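J.: I would like the atomic coordinates for the input below:
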Amino acid sequence: MLCLSSCVILDTPGFHSGYKKLNASDKQQIHFVTETKDFCNIQNDKKIYAVTADLFLDCIKDKDITLVYFWSAHCGSEVCILLSAAQAYCDQRNYNLYVVSEYYDLPATLLQNKTRNPILSVNHLYYKTDYCPKYTRRFRKAIAGAAAISKDELRFSRFYFFKGSKFIKAKQKLTD
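T.: Residues are numbered from 1 along each chain as shown. Below you'll find the model as predicted:
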């Protein structure tokens, strides 16, 4: 019985990227970024931009304060907030917001996609894995760089703060 239930878990949102399940039309909504000019100055055009850590850091290097929100469409935890709430938080503080969707759920993303910058995703093809926890961990580690960040912060924090492309801190909740 335990084996059967673990097989069901493998197919839940967030275990894999969800890219393979997208139809051809939905896949056209995902743009795999190869150069920073592809997305750095674009206002939200309702597409999702799959990026690598290097391309992302290059894009924010000239920005003052950037907040990166690692968002999961089906997260029900108190640490998960609406994208509109994250944008309002950033607007009040004059922060630049980038939302990184951990996996593809286009209906949920389109419903909440009201941010100024386009929604990003981790380029799972670049990281050579479709396993969501693995590619997000690699991306998070790469954007934090050499900063002293604990494994728990790396794993559980949804909000990463940057000054330019320099990592400042990670927080589980914006209200902390």
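J.: all contacts plus neighbour counts: C-alpha atoms, from now on.
T.: Noted.
J.: Can you tell me who the residue positioned nearest the centre of the chain pairs with across the strands?
T.: Nearest to the mean C-alpha position of the chain, by Cα atoms, centre = their mean, lies residue 100 at 1.5 Å. Taking DSSP bridges, one obtains residue 70, residue 120 as the residues bridged to residue 100.
J.: Pull up the per-residue confidence for it.
T.: What the model reports for residue 100 is a pLDDT of 97.
J.: right, and it touches residue 70 too?
T.: Yes: counting by Cα atoms under 8 Å, residue 70 is a contact partner of residue 100 at 4.9 Å.
J.: Between the two, which contacts overlap?
T.: Common neighbours of residue 100 and residue 70, using Cα atoms under 8 Å, 6 or more residues apart in numbering, do not exist here.
J.: How far does the helix ranked longest in the chain sit from its chain's centre?
T.: Longest helix in the chain, counting residues (DSSP state H): helix 132-144. Centroid separation for helix 132-144 versus its chain: 10 Å, with Cα atoms, centre = their mean, to the nearest Å.
J.: What average pLDDT does it get?
T.: On average, helix 132-144 scores 94.
J.: Next SSE downstream of that helix?
T.: helix 151-156 (DSSP states H and E).
J.: Can I get that next one as CSV, trimmed to CA atoms?
T.: Extracted C-alpha coordinates of helix 151-156, given in CSV (Å, rounded to 0.1, in the frame of the first residue of the first chain):
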residue,chain,number,x,y,z
LYS,A,151,20.8,24.5,4.0
ASP,A,152,17.5,25.3,5.7
GLU,A,153,17.5,28.9,4.3
LEU,A,154,18.4,27.5,0.9
ARG,A,155,15.6,24.9,1.1
PHE,A,156,12.8,26.7,2.9
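J.: Could you give the average pLDDT over stretch 15-23?
T.: On average, stretch 15-23 scores 93.
J.: which other residues reach that stretch?
T.: For stretch 15-23, the external contacting residues (Cα under 8 Å, 6+ apart) are 9, 10, 27, 102, 103, 104, 105, 124, 130, 131, 132, 133.
J.: where does the protein have low pLDDT?
T.: For the chain, the stretches with pLDDT under 70 are 1-13, 148, 176.
J.: Do a quick rundown of the strands in it.
T.: 30-32, 48-51, 65-71, 96-101, 119-122, 159-163, 166-171 (DSSP state E).
J.: residue contacts, the nearest residue to residue 118 once chain neighbours are set aside?
T.: Distances taken as Cα to Cα, 6 or more residues apart in numbering place residue 44 nearest to residue 118, at 4.0 Å, with adjacent residues excluded. By Cα under 8 Å, 6+ apart, the contact list for residue 44 reads 114, 115, 116, 117, 118, 119.
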